[in-house]
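Q: could you work out the structure for the sequence below:
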Amino acid sequence: MEIIRHEDGSLTVPVVPSRHSGDDDPEAPVEAGPTTMILRPGEGGYNEALTEWDLEQNPDRGVAVSTASGREEAMAVVHAVAEDPTHVVEAVDALEDPEASAEALRHVLVGGTPSLQAFAGEVADAEGGEDLPHHKVTKIIGEVLAVIDQRSE
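A: Below you'll find the model as predicted:
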């Protein structure tokens, strides 16, 4: 089952049934439980799930590489969407090189929470304003990547 990203940024992820520590028989039936769960930005495991979702969108894509110009545009688009969350498409349209920006954003995602927190600080330094919480940066990155990926299909 693949990860599903919803309009609000939440992710539906598959849940692997767990075995009890006392189960010695690998053939014993596993207790039925939920097969999916919803993760929202800021919840444990969300960043990893968003990275996995992004990889599922294009499994042939190589390792994310961040260039200086891509990172600058990535900071600008995150700031623009943070300022006005209703204009994600317009913010992506303003990018000179959407693919380089997407790569920079993927590079940030792969670094997990410390990378997201550092990136939020860079955005505030470069674009002005306060540091965004890492879960908000993660949600914005997911929205921007969804628009860029949709356009490149």
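Q: quick one: secondary structure of Ile38?
A: Of the three states, Ile38 takes strand under DSSP: H, G, I helix; E, B strand; the rest coil.
Q: can you pull out the strands in the protein?
A: Assigned by DSSP state E, the chain shows strands spanning 4-5, 11-14, 36-39.
Q: how about the CA coordinates for the worst-scoring helix or strand of the chain on mean pLDDT, as CSV?
A: The weakest-scoring helix or strand in the chain, judged by mean pLDDT, DSSP states H and E, is helix 46-57 (a mean of 81). Provided in CSV are the C-alpha atoms of helix 46-57 (Å, rounded to 0.1, in the frame of the first residue of the first chain):
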residue,chain,number,x,y,z
TYR,A,46,5.4,12.6,9.7
ASN,A,47,8.7,13.8,8.2
GLU,A,48,9.9,10.3,7.4
ALA,A,49,6.5,9.5,5.9
LEU,A,50,6.5,12.6,3.7
THR,A,51,10.0,11.7,2.5
GLU,A,52,8.8,8.2,1.7
TRP,A,53,5.7,9.7,-0.1
ASP,A,54,7.9,11.9,-2.2
LEU,A,55,10.1,9.0,-3.2
GLU,A,56,7.0,7.0,-4.1
GLN,A,57,6.0,9.7,-6.5
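Q: list the buried residues for that helix?
A: Neighbour counts using 16 or more other C-beta atoms under 10 Å place Tyr46, Asn47, Ala49, Leu50, Thr51, Trp53, Asp54, Gln57 of helix 46-57 among the buried residues. (Glycine included, C-beta is placed from N, CA and C.)
Q: the last one contacts Asp149, doesn't it?
A: Same thing as Gln57. Yes: with contact defined as C-beta atoms under 8 Å, Gln57 reaches Asp149; the gap is 5.2 Å.
Q: which residues do the two both contact?
A: Counting by C-beta atoms under 8 Å, 6 or more residues apart in numbering, Gln57 and Asp149 have no shared contacts at all.
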